[in-house]
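Chemist: Generate coordinates for the sequence data below:
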Amino acid sequence: MEVLRARYDPDALTAAGIYPDLWTNGTDDLDYLMSYYTELRRFYQAAAANGQAVLLAIT
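Modeler: Numbering: from 1, shown residues only. The predicted structure is shown next:
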C-alpha cells in the first residue's frame, strides 16, 4: 500500500487514458484505487490459499 501511495500519479493515469478516467476530477481518487487494490489482493490471496489459478486477460 505504501508503494502504491508513493507512486500514485493522477496526471499520468489521466494522460495514459487509464479507466475509469476519473483521476483528476477532484475527488479522493487514491482512496478509490486503494479500496479496489485491497479487494484484488484478497482475491489473489484466497485463490492461492485454495490452490487455484487465476487467468488474467487484458484486451
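
Chemist: Per-residue pLDDT of the one residue sitting closest to the centre of the chain, please?
Modeler: For the chain, residue 37 is the residue whose C-alpha lies nearest the centre (C-alpha atoms, centre = their mean; 4.4 Å). Note on residue 37: pLDDT of 89.

Chemist: Leaving out chain neighbours, which residue sits closest to it?
Modeler: residue 4 (6.1 Å; C-beta to C-beta, 6 or more residues apart in numbering). C-betas here are computed from N, CA, C, even on glycine.

Chemist: How much space separates that neighbour from residue 38?
Modeler: To residue 38, residue 4 is 10 Å away according to C-beta to C-beta, to the nearest Å.

Chemist: now do residue 14
Modeler: In terms of C-beta to C-beta, residue 14 sits 23 Å off from residue 38.

Chemist: Helices of the chain, start to end?
Modeler: If DSSP state H is used as the criterion, the helices of the chain fall at 2-7, 10-15, 29-49.
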